[in-house]
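Chemist: have a look at this prediction, sequence included:
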Amino acid sequence: YPSSDVPYTRIVEYKHVPNQTTKVLEGKVKGSIIAKEYSTDKGEPYYPVPNKENQELYEQYRKLAEREEEQEKTAFVGRLASYKYFNMDQAILNSLEMYDNLCEKGRLKVKRKLVGSGNEPKY
């Protein structure tokens, strides 16, 4: 992907992401969920454009988000929370770790911040 005969830019089958249940790993779960991402030149871009203006805007939002997280009102996770592109495996790992923390400690908080360019695996 992409090519002129394939209309989507990405396809993800979620049973192949990390941290699946034993039943999924053993093939005992029937069916699957597939998501397709389609590109467009209409509206807002999918990912932030890395420039000074957007970085300054992100810093304002980051400060507001930190205040919300300190009060444990909201938890921000993933690509939009980090304001940069991350591969799907990284975004899913980030949300799974947040869920684990909710189960272990009773609060939504990421175990670690995603770092790097986003194009390298973070297992």
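Modeler: Perfect, I can see it now. Please read these numbers as outputs of a predicted model, since none were measured by experiment.

Chemist: give me the helices and strands touching the lowest-mean-pLDDT helix or strand in the chain, please.
Modeler: The weakest-scoring helix or strand in the chain, judged by mean pLDDT, DSSP states H and E, is helix 78-82 (a mean of 74). Where contact means 3 or more CB pairs under 8 Å, 6 or more residues apart in numbering; DSSP states H and E, helix 78-82 is packed against helix 88-105. (C-beta placed from N, C-alpha, C; glycine too.)

Chemist: tell me the mean pLDDT for the helix it packs on?
Modeler: In this model, helix 88-105 carries a mean pLDDT of 81.

Chemist: tell me which other helices or strands it touches.
Modeler: Helix 88-105 sits against helix 78-82, with contacts defined as 3+ CB pairs under 8 Å, 6+ apart.

Chemist: for the helix it packs on, which positions count as buried?
Modeler: Residues of helix 78-82 classed as buried by neighbour count (16 or more other CB atoms under 10 Å): 79, 81-82.

Chemist: between those residues, which is nearest Thr40?
Modeler: Arg79 (17.2 Å; CB to CB).

Chemist: the closest residue to that closest one other than its chain neighbours: what secondary structure?
Modeler: Leaving aside its sequence neighbours, Arg79 sits nearest to Phe86 (CB to CB, 6 or more residues apart in numbering; 5.2 Å). Under the three-state scheme (DSSP: H, G, I helix; E, B strand; the rest coil), Phe86 adopts coil.

Chemist: same question for Val12.
Modeler: Following three-state DSSP, the label given to Val12 is strand.

Chemist: and the strands in this protein?
Modeler: For the chain, strands defined by DSSP state E occupy the ranges 10-13, 34-37.

Chemist: quick one: strands adjacent to the last one?
Modeler: Based on DSSP bridges, the strands next to strand 34-37 in the sheet, each with its direction, are strand 10-13 (antiparallel).

Chemist: what residues does the strand it pairs with touch?
Modeler: 1, 32-37, 88 (CB atoms under 8 Å, 6 or more residues apart in numbering).
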